[in-house]
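Trainee: What follows is a protein structure lacking sequence information:
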């Protein structure tokens, strides 16, 4: 879907459309997924060492729980917008059999709209908490990391996710045939 959009608008311009579409749909998510995988491995190593230290040597790693929470926040939230870019949201097709084909397209648009609204308001609320943490100068217990950074990161990722969902919604509204054909091709591969 994104590839067709970029080919239509930038295919004859200076930026090759295939390059931009590839970067957005594959390269960026692959890099972020790789970083998230490395962070997950790091969490497992920290937890393993912490458990061994706690039960064998009676000396756990100080701040291991805090470090684990911080790392998990980074890689779990990073997955949110990767799922949106790849359009791999979990969907349950309970009503698709009963809806006419034209309405199925609008049903998908309603889903995109709900995703946009949800992530926008979640990001707005989390940004409020981030600003409050900055005003109060709240820090983590062991490492004294300002809590504003983690909360702001989550809020920004929510806004980025809403932005990509808006992009998909606009593509589906202004190019419904290409969107329907792309969805049909994706469903044949599932």
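Mentor: It's in. Here the structure is a predicted model, which means the values were calculated and not measured.

Trainee: quick one: the strands in this protein?
Mentor: Applying DSSP state E to the chain gives no strands.

Trainee: Please, where are all the helices along it?
Mentor: 2-10, 17-22, 28-55, 64-86, 101-136, 147-174, 176-189 (DSSP state H).

Trainee: JSON lines for those helices, including distance to residue 95, mean neighbour count and mean pLDDT?
Mentor: (Each C-beta comes from the backbone N, C-alpha and C, glycine too.) Below are these laid out as JSON lines (distance: least, Cβ to Cβ, whole Å; neighbours: other Cβ atoms under 10 Å; pLDDT from 0 to 100):
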{"stretch": "helix 2-10", "distance to residue 95": "27", "mean neighbour count": "17", "mean pLDDT": "54"}
{"stretch": "helix 17-22", "distance to residue 95": "31", "mean neighbour count": "16", "mean pLDDT": "60"}
{"stretch": "helix 28-55", "distance to residue 95": "29", "mean neighbour count": "14", "mean pLDDT": "89"}
{"stretch": "helix 64-86", "distance to residue 95": "22", "mean neighbour count": "17", "mean pLDDT": "85"}
{"stretch": "helix 101-136", "distance to residue 95": "7", "mean neighbour count": "15", "mean pLDDT": "90"}
{"stretch": "helix 147-174", "distance to residue 95": "18", "mean neighbour count": "18", "mean pLDDT": "89"}
{"stretch": "helix 176-189", "distance to residue 95": "16", "mean neighbour count": "12", "mean pLDDT": "50"}
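
Trainee: Against residue 66, how distant is residue 40?
Mentor: Separation of residue 40 from residue 66 (Cβ to Cβ, to the nearest Å) stands at 17 Å.

Trainee: Alright, calling it a day.
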